[in-house]
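Q: Coordinates only, no sequence provided:
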C-alpha cells in the first residue's frame, strides 16, 4: 500500500507539472469567457525550428485552449511516443487509421514515415475537422471523414471541455460542460469496410483517441477483424462494464506495451496480468497492442 501511495503522489505531481505552464491560465480565461460578439476561431502557429510536427517556418492551425496549444508552444511535439513506436516497429507497408484525428497532428507526423502508404482520418467536430484539413493539405494519400465511430450510428450528443480542444467525448463529465450533436458511424461496419477494401494487403495500424470511449470501441469489435490489426493504440483509464470483452479481445494480440510517463519514461512491454496494477492508479494511460500477423 505504501508503494502505491508513493506512486500516486508522484503521478499527481507529474500531472500538475505537465498541465502548469506560462500560457494555460491565459488560454483558459479566453475559453471560459462568453465571447458574445466576437471569437478567435483559431491561431496560426509558426515554428522557429524543426520538429516532428513541422519544419522551420512552417505553420499549423490550432484552436485556443489550455492544454494542446501550450504544450506545442513549449515542446513543438505531440504524442511523440506513438510516432516513435511506429517508426521503430513498422515492418511492412501500412495503412494508418486515425479515429479522433482532432487537429490532424498525429496524421501529420505519421505521414512522414516511409512505410505508411495511406492515412484514413475520422473527426466528428466540424470546426476542428476543418482545421485538420488545412493542417494535412500537403499529405498525398489521405482520406478525411467528418464523423466519428460509435457502437451505433446516428447523430449523438458530444461533450466538449472548453479548456482542452482534444477533450470531446461521447461520455460526459464535469469538465465537458458544452453539448454538441455530431454524426457517428457504426465502428464495426467502418472497420470491416477498411479491412475489406485493403486490396493490397497493407498492414493496418489503428489509433483511437476518444476520451474514455476507446475501451467501448475496442471491447465491441469482432475477433475476426480485430485479429487483422497489426498495431492498435488506445487511451484507457478504467474498464467500466467492459471487463469480460476487453480481456477476451486483448488476448488476440501477441504483445502489450504501455506508455505511462509518470511511472516510467519509456514505452514498456508488459504482460496481461500487469494491467490490473496500472488500472489501480485511476489515471489515463496509453496502451499499444501488437499482432504477429505471420502466425
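A: Cool, got the structure. Just so you know, these numbers come straight off a predicted model, no measurement behind them. Residues are numbered from 1 along each chain as shown.
Q: C-alpha only now, for contacts and for neighbours.
A: Fine.
Q: Which stretches in the stretch 1-150 of the chain count as helices?
A: 2-19, 24-32, 68-75, 80-89, 105-110, 126-135 (DSSP state H, counting those that start in this stretch).
Q: Could you list every helix and strand that the fifth one packs against?
A: By that I understand helix 105-110. Applying 3 or more C-alpha pairs under 8 Å, 6 or more residues apart in numbering; DSSP states H and E, one finds that helix 105-110 makes contact with helix 80-89, strand 94-99, strand 116-122, helix 126-135.
Q: Mean confidence (pLDDT) on stretch 170-186, please.
A: In this model, stretch 170-186 carries a mean pLDDT of 95.
Q: Run through the chain and note the low-pLDDT ranges.
A: Across the chain, the ranges flagged by pLDDT under 70 are 1-26, 28, 31, 294-295.
Q: where exactly do the strands run in it?
A: Secondary structure of the chain by DSSP state E: the strands cover 43-46, 59-62, 94-99, 116-122, 142-145, 148-150, 154-160, 168-169, 178-186, 203-208, 229-236, 255-260, 264-270, 285-290.
Q: Now do the fifth one: which elements does it pack against?
A: Read it as strand 142-145. Contact analysis of strand 142-145 by 3+ C-alpha pairs under 8 Å, 6+ apart lists strand 116-122 as its packing neighbours.
Q: strand partners of the strand it packs on, parallel vs antiparallel please.
A: According to DSSP bridges, strand 116-122 has the following sheet partners: strand 94-99 (parallel), strand 142-145 (parallel).
Q: residue nearest the centroid of the chain?
A: Residue closest to the average C-alpha location in the chain (C-alpha atoms, centre = their mean): residue 209, at 2.9 Å.
Q: What sits closest to it if chain neighbours are left out?
A: When the adjacent residues along the chain are set aside, residue 209 lies closest to residue 100, with 5.1 Å between them (C-alpha to C-alpha, 6 or more residues apart in numbering).
Q: burial measure for the one you found, as a count.
A: 25 (other C-alpha atoms under 10 Å).
Q: cool, and residue 268?
A: Residues near residue 268, counting by other C-alpha under 10 Å, number 13.
Q: for it, which residues make a bridge with it?
A: Bridge pairing for residue 268 - DSSP bridges - gives residue 258.
Q: That one touches residue 274, doesn't it?
A: No - assessed by C-alpha atoms under 8 Å, residue 268 is found out of contact with residue 274, at 11.3 Å.
Q: Burial check on residue 277, number of neighbours?
A: 10.
Q: how much space is there between it and residue 286?
A: Residue 277 sits 14 Å away from residue 286, going by C-alpha to C-alpha, to the nearest Å.
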